[in-house]
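> Sequence first, predicted model second:
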Amino acid sequence: MKIIKFGGSSVANPTNIKKVFEILHQRSKEGEVAVVFSAFGGVTEVLLKSAEKAKLGDKSYVEDIKLLEDKHFEVVKSMIPVKLQSPVLTYIKLRFNELEDLFHGIFLIKECSARTLDYVGSFGERLSAYILSELLRLEGFPAIYLDAREVVRTNDRFGNAKVDFSITNDLIQDFFHQNPGLKVITGFIASTAKGETTTLGRSGSDYTAAIFASALQATSLEIWTDVSGVMTSDPRMVYTAFTIPQLSYAEAMELSHFGAKVIFPATMQPAMKKGIPIYIKNTFEPENEGTLINNDAPNGKIIKGISSMSGISLLNVEGAGLIEVVGVSRRVFGALADAGVNVILISQASSEHSICVAIRTTEAGLAKEAIEREFIYEIRNGEMDPVAVVSEMAVVAAVGENMKHNPGASGRMFQALGRNNVNVFAIAQGSSELNISAVVSQADLQKALNALHEAFFLSDNKVLHLFLVGVGLIGKALIKMIANQREKLQRENDLDIQIHGIANSRFMAFHEDGFDLKNCPAPEDAPEAEAMDLEKFLHQMELMNFSNTVFVDCTASQDVADAYERILEAKVAIVTPNKKANSSSLEKYRQLKKLAYKRGVKFLYETNVAAGLPVINTLQDLMLSGDKVIRIEAVLSGSMNYIFSEFEKGLPFSEVVRQAKDKGYTEPDPRDDLSGMDVGRKILILGREAEQELHFEDISIQSMVPEDCVETKDVEEFFEKLKSHDKDFEAILEEAKSKGEKMRFMATLENGKAKVGLNSLDSSHPFYQLKGSDNMILFTTERYHDFPMIIRGPGAGADVTAAGVFADVIRLGNFSR
Ligand SMILES: NC(=O)C1=CN([C@@H]2O[C@H](COP(=O)(O)OP(=O)(O)OC[C@H]3O[C@@H](n4cnc5c(N)ncnc54)[C@H](O)[C@@H]3O)[C@@H](O)[C@H]2O)C=CC1
Ligand SMILES: N[C@@H](CC=O)C(=O)O
Ligand code: NA
């Protein structure tokens, strides 16, 4: 015998009911079944609310009841042939006549006792199970309607009655013995010995099913609902949550105690006692295996699920007067119990200085008052502080039997929370080691759940959540590279990269699950694109509150760079090719580094200098290993090197500058390159990385921008004007040529002073050989003294730059968890 229970959503309308029949056809082929039904979706709520309305003298209950009647009529009219409808419609009509009388009575006397309310509530299941039994007969099942009030005996605690199992079991067994056929049972309702109607409380229909399963020694109990079993976490907050295939009874109890409201622990009790396996299945996705709850859930992962509870407040009872005083906790919890406050979590440190309890925020005022009343004298005498209440809290809990055998569970849990900047306010773990709970702020809940979910379930895959500002040349190339490498990274590096936010200077867009990177839209073409607003962009990034969030700045914008402090402060890592932050004031540069360190996040900017060439990392390694930089000589501009080496071939200067821009070597505004500003910024950054106190004013820069080209209204006009100077540049070229030399735009740094400008070099100089967008950096240090360390290669362009940014992102993967 198998007991199968369908919830309200499974029988909410004819379409759903047909799905239920398919399942029952299939199940009854496998052996004997009995079926328990809830009321049609939403019916019980309306009944109870209408009773409340009637009690308050609100006549609109009449319409509510009429609508309910229609709802039931409709099911019959659409599912039963006209000729056969009459007796079923009559049954419904009679029940609603009864209901009308009942409500009229409530309306008149303005009173509705718990007993009456149970009677009102019983109509939902009585109607649904009766109608469904008739429908099942038409479907060819030998269906027998069973009003559970005939067999389930309870005491008279109306609203939440206690079952008398010895009588109930006998009655159920007798009924089944005497009535062969498919029993179609009303969930939720029962009766007292005197025949008064009672109900079984929250999730009462599940309980009914478990009672029958237990009485009949069923082989299994199936609970069919609208979700595919118990999930690893709340899928509305954790998009990667998945169905847990198997749970032990204890694990299911722990999980459902918190967020996972698929089953209600008490309802499992009768089935659990008999060791009957419980399946949680989805009526709308019957092929999904769902969750099996039984005694021998295999222990694979360290934990089975992560649940949560919102709307929590923390009460802190604290004071020197508590130390080594016996009976304090009895008084605290006694006061709370007397006030009817439910305690969700308790934590007391061994110093005994404070006791901390988590309760529902709705009960916080009451709780504070109750404790302060109890300790009125201690508080007056200053032995104890007034009770501190912190609201807007939530509880997250990692649940699983396997934690008993795994010392690393709490380490992993708190590491994941800490790394993601989730502050933990209180911790509790029972000695059963089935559950570790932490109290966090409500604002951090989603991040906490995701961080834990990743740490425990996706541990084979770290996920970086990117927010990319500046989808220009470099930004686009970066997206393409990530798209192409993503699978390999997942497979071979256990790393996944998702992009949740994209922006250019005009538009921004977001995607909860991450954009489809193979077909990533431009920000302006993305669904729900909106005008770019940096403040809003950051706010949205913070709201999404992912673990391992990375802000990628591929703009050349000062405004974006100015936001880095705030971003690091929020424990979000930054990767950027934008030089503006590191080349602003020395204090700012130092402050950003300090902040990143303090907040435990990375700020990576390898592409600030020489694009993807490993210059910054190399210099940092030299410094960390104790070397000292004596001199840096470098060609640091890909565009300037391209311009001056291509120019030799005979094209007009302005034309070559345009080519450099078209090839993606220049800054968004090529005057930044020609003016030496870009190289100035780079040598400044190198100097600072070499631990020198370098300010921008310490750099002398020779600009190559003719005076009348400085103030042009846009880049086009600049190119126009530049043409008129082609002759001047040719003259410079001729002079170098006449000496057998080449022009190189260089930067040098020595003795705390930096110089940037055009030099004419003979063939003995290492820079003489440079071609195209090449950069070359010579580090003369204490260790590399006689011969400098040399780094050379293309130092500008979309691919080499995006690749450098990408490498920084991948590097972050090594730090994250
Ligand atoms: N092109 C190259 O070879 C190299 C470039 N870089 C740096 O990479 C950065 C990007 O360069 P490119 O992609 O070539 O420039 P780009 O002009 O093609 O792209 C810049 C993007 O940033 C967006 N943007 C500008 N201000 C913005 C703001 N306030 N908010 C949002 N978006 C904004 C623009 O709309 C554009 O989409 C620059 O900082 C540049 O110095 C670094 C190394 C090499
Ligand atoms: N415009 C720069 C590239 C970015 O740093 C260059 O030409 O080197
Ligand atoms: Na670099």
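Nice, I can see it. The model shown is predicted, which means the values in this text are computed figures rather than measured ones. Numbering: from 1, shown residues only. Ligands and ions are numbered 1, 2, ... in the order given.
> What residue in the stretch 201-350 of the chain comes nearest to ligand 1?
Per Cβ to the nearest ligand atom, Y239 is where the stretch 201-350 of the chain lies closest to ligand 1, at 26.1 Å. For the C-beta atoms, the positions are set from N, CA and C on the backbone; glycine is no exception.
> cool, and the chain?
G472 (1.8 Å).
> tell me the contacts of the closest residue to N450 other than its chain neighbours?
Counting by Cβ to Cβ, 6 or more residues apart in numbering, S547 is the residue found nearest to N450 once chain neighbours are left out, at 5.0 Å. By Cβ atoms under 8 Å, 6 or more residues apart in numbering, S547 lies in contact with 416, 419-420, 447, 450-451, 454, 463, 465.
> okay, who's weakest in these by pLDDT?
Within the contacts of S547, pLDDT reaches its minimum at R419, with 82.
> if I look at that residue, how far off is ligand 3?
R419 sits 27 Å away from ligand 3, going by Cβ to the ion, to the nearest Å.
> roughly how far apart are that residue and A428?
R419 sits 21 Å away from A428, taking Cβ to Cβ, to the nearest Å as the criterion.
> check contacts around T116.
By Cβ under 8 Å, 6+ apart, the neighbours of T116 are 51, 102, 106.
> Closest one of those to N582?
Distance to N582, by Cβ to Cβ, is smallest for A51 among the contacts of T116, at 68.7 Å.
> For the stretch 551-700 of the chain, which residues are neighbours of ligand 1?
Contacts of the stretch 551-700 of the chain with ligand 1, taken as Cβ under 6 Å from any ligand atom, map to 554-557, 559-560, 577-579, 607, 611, 638, 664-665, 667-668.
> Tell me the one among the residues you listed nearest to ligand 2.
The closest of those, once distances to ligand 2 are taken by Cβ to the nearest ligand atom, is G638, at 3.6 Å.
> Spatially nearest residue to that closest one, not counting backbone neighbours?
Once chain neighbours are set aside, the closest to G638 by Cβ to Cβ, 6+ apart is A796, at 2.4 Å.
> cool, and G804?
Distances taken as Cβ to Cβ, 6+ apart place G612 nearest to G804, at 3.2 Å, with adjacent residues excluded.
> since we're on the one you found, how many residues are nearby?
Using other Cβ atoms under 10 Å, the number of residues around G612 comes to 23.
> How about L595?
L595: 17 neighbours (other Cβ under 10 Å).
> and the chain, which of its residues are near ligand 3?
606, 610, 613, 615 (Cβ under 5 Å from the ion).
> Verify the contact between the second one and R792 for me.
The one in question is A610. No: with contact defined as Cβ atoms under 8 Å, A610 does not reach R792; the gap is 9.2 Å.
> So for these two, which sits in the more crowded spot?
Of the pair A610 and R792, A610 is the one with more neighbours under other Cβ under 10 Å, namely 30 against 18.
> Confirm that the more buried one lies within a helix, as I assumed.
No: counting by DSSP: H, G, I helix; E, B strand; the rest coil, A610 is not part of a helix but coil.
> And it, how far from I685?
11 Å.
> ditto for V609
6 Å.
> what sits in contact with each of these two?
579, 616.
> Between the two, which is the more surrounded one?
Between V609 and I685, counting by other Cβ under 10 Å, V609 is the more crowded of the two (28 against 23).
> Is it correct that the more buried one is in contact with I616?
Yes: between V609 and I616 a contact is recorded at 5.8 Å, counting by Cβ under 8 Å.
> shared neighbours of those two, anything?
Joint contacts of V609 and I616 (Cβ under 8 Å, 6+ apart) are 685-686.
> Only the buried residues of stretch 424-432, if you could.
For stretch 424-432, the neighbour count (16 or more other Cβ atoms under 10 Å) marks 424-426, 428-429 as buried.
> Can you show me the CA trace of that stretch as PDB?
Provided in PDB are the C-alpha atoms of stretch 424-432 (Å, rounded to 0.1, in the frame of the first residue of the first chain):
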ATOM      1  CA  VAL A 424      28.500  37.000  11.800                       C
ATOM      2  CA  PHE A 425      26.700  38.200  14.900                       C
ATOM      3  CA  ALA A 426      26.100  34.900  16.700                       C
ATOM      4  CA  ILE A 427      26.800  31.300  16.200                       C
ATOM      5  CA  ALA A 428      25.200  28.100  17.500                       C
ATOM      6  CA  GLN A 429      25.900  24.500  16.900                       C
ATOM      7  CA  GLY A 430      24.100  21.700  18.800                       C
ATOM      8  CA  SER A 431      26.100  18.700  20.000                       C
ATOM      9  CA  SER A 432      24.200  16.600  17.500                       C
END
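> distance between that stretch and the chain's centre?
Relative to the chain's own centre, stretch 424-432 is displaced by 22 Å; criterion: Cα atoms, centre = their mean, to the nearest Å.
> Just say helix, strand or coil for E392.
strand.
> What is the burial count for it?
14.
> Chain neighbours aside, what residue packs nearest to it?
Q442 (4.6 Å).
> Thank you, goodbye.
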